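**Q** Would you be able to build a 3D model of this:
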Amino acid sequence: MANKVRGQIAAKFQGEKINLVLSTNSICELEDATDQGIDEFLEKFMPGKKVRMKDLRLMFWALMLDERPGATIAEAGALIDELRGDHDRIMTQAILAAFPDAEGDTSGK
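**A** Numbers count the residues shown, from 1 in each chain. All right, here's what the predicted structure looks like:
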């Protein structure tokens, strides 16, 4: 079962439940894979930006890593396909859970 307090978002993948989470370790793996800081990488997903599928796939790969450390980029693509359009909601929830202080913060601080 997903634990939202720990930032876990439940999804189905290959007939099983998987908990997706953007943890410190998965963020570090994502930064290594992209050679970008997390803030720079997440800017690609801001409203009005055209997201590259390669970046979306990398994000879901990172989300899978805590529960499946051996997850591949191809498996992340398959997960996106299985989510059938629900990937935006799941990704947004995972990002907000990873950075709870940013949720609803419009103060610019």
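**Q** helices or strands next to the helix or strand that contains residue 89 in the packing?
**A** Residue 89 is part of helix 87-98 when elements are defined by DSSP states H and E. If you count contacts as 3 or more C-beta pairs under 8 Å, 6 or more residues apart in numbering; DSSP states H and E, helix 87-98 packs onto strand 9-13, helix 53-64. Where C-beta positions appear, they are placed from N, C-alpha and C, glycine not excepted.
**Q** So for residue 24, which of those sits nearest?
**A** helix 53-64 (11.1 Å; C-beta to C-beta).
**Q** low pLDDT regions in this protein?
**A** In the predicted model of the chain, residues 1-6, 102-109 satisfy pLDDT under 70.
**Q** May I have the distance across stretch 38-57, first residue to last?
**A** One end of stretch 38-57 to the other measures 15 Å (C-alpha to C-alpha, to the nearest Å).
**Q** I'd like the next helix or strand past the helix or strand containing residue 26.
**A** Per DSSP H and E, residue 26 falls inside helix 24-34. Counting by DSSP H and E, the next helix or strand C-terminal to helix 24-34 is helix 38-42.
**Q** Near the closest residue to residue 44 other than its chain neighbours, how many other residues are there?
**A** Nearest in space to residue 44, with sequence neighbours left out and distances taken as C-beta to C-beta, 6 or more residues apart in numbering, is residue 55 at 5.3 Å. For residue 55, the neighbour count with other C-beta atoms under 10 Å is 16.
**Q** and if you look at residue 43?
**A** By the criterion of other C-beta under 10 Å, residue 43 has 11 neighbours.
**Q** again, but for the one 5 residues further on
**A** Applying other C-beta under 10 Å, we find 4 other residues in the vicinity of residue 48.
**Q** same question, residue 26
**A** Using other C-beta under 10 Å as the criterion, residue 26 is surrounded by 23 other residues.
**Q** now it: how far from residue 35?
**A** From residue 26 over to residue 35 the distance is 16 Å, taken as C-beta to C-beta, to the nearest Å.
**Q** Ok, residue 78 next?
**A** 25 Å.
**Q** Show the contacting residues for the closest residue to residue 73 other than its chain neighbours.
**A** Leaving aside its sequence neighbours, residue 73 sits nearest to residue 61 (C-beta to C-beta, 6+ apart; 5.3 Å). Residues counted as contacts of residue 61 (C-beta atoms under 8 Å, 6 or more residues apart in numbering) are 30, 33, 71-73, 75-76.
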